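*Asks:* Kindly return the folded structure for what I paste below:
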Amino acid sequence: MSKADLAAIYREYIVCLNSQNWSALGQFVHPDGRYNGEPIGLSGYCQMLEGDFQTIPDLFFDIDFLVSEPPRVGSHLRFDCTPKGLLFGLPVNGKTISFTENVFYEFRDGRIEAVWSVIDKAAIASQLQ
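*Replies:* Next up is the predicted model:
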């Protein structure tokens, strides 16, 4: 798979997330998916994302930049949102916040098999002071 092809699949995956099209998630996530080293499978991945949207009703994944080096994609995502209650253990409680995520994906058979995510929780905490 070429760099451009892999980047295009990733962009389609982000559209899937932003539209909350959970029935299409299997087109992008491998059944044996792992998140930060933990095997969660497609169903666990879907449950995680559904939970994210319950906590953050206005969640929108905005690609700041991405790098495609098959079989991996690295992306810097930006979020401007208004979470309810706690977010990553922080009492956001309806305040509008901005933060970023650095995330790396490994693909197998054209689908995401592994995800490594680091969220800038310090940015969130600083906005709550």
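*Asks:* Give me the nearest residue to Glu106, chain neighbours excluded.
*Replies:* Ala114 (4.2 Å; Cβ to Cβ, 6 or more residues apart in numbering). Using the backbone N, CA and C atoms, a C-beta is placed for each residue, glycine as well.
*Asks:* So the one you found: helix, strand or coil?
*Replies:* Using DSSP: H, G, I helix; E, B strand; the rest coil, the structure places Ala114 in strand.
*Asks:* just checking, it touches Asp32?
*Replies:* No - the pair Ala114 and Asp32 fails to qualify as a contact (Cβ atoms under 8 Å) at a distance of 9.2 Å.
*Asks:* Mind checking which of these two has more residues around it?
*Replies:* Neighbours were counted for Ala114 and for Asp32 using other Cβ atoms under 10 Å; Ala114 has more, 19 against 13.
*Asks:* Identify the residues contacting the more buried one.
*Replies:* Taking Cβ atoms under 8 Å, 6 or more residues apart in numbering as the definition of contact, the neighbours of Ala114 are Gly33, Arg34, Tyr35, Tyr105, Glu106.
*Asks:* Could you check how far it is from Thr100?
*Replies:* Using Cβ to Cβ, to the nearest Å, we find Ala114 at a distance of 20 Å from Thr100.
*Asks:* can you list contacts of the top strand by length along the chain?
*Replies:* Taking residue count as the measure and DSSP state E as the definition, the longest strand of the chain comes out as strand 97-108. Surrounding strand 97-108, the residues in contact under the criterion Cβ under 8 Å, 6+ apart are 1, 6, 9-10, 30, 64, 70-83, 87, 112-121, 123-124, 127-128.
*Asks:* Filter these down to the buried ones.
*Replies:* Among these, those that count as buried by neighbour count (16 or more other Cβ atoms under 10 Å) are 6, 9-10, 30, 73, 75, 77, 79, 81, 83, 87, 112-115, 119, 124.
*Asks:* Spit out the contact partners of the closest residue to Glu69 other than its chain neighbours.
*Replies:* Spatial nearest neighbour of Glu69, excluding adjacent residues (Cβ to Cβ, 6+ apart): Lys3 at 6.8 Å. If a contact means Cβ under 8 Å, 6+ apart, then Lys3 has Ser68, Glu69, Pro70 as its contacts.
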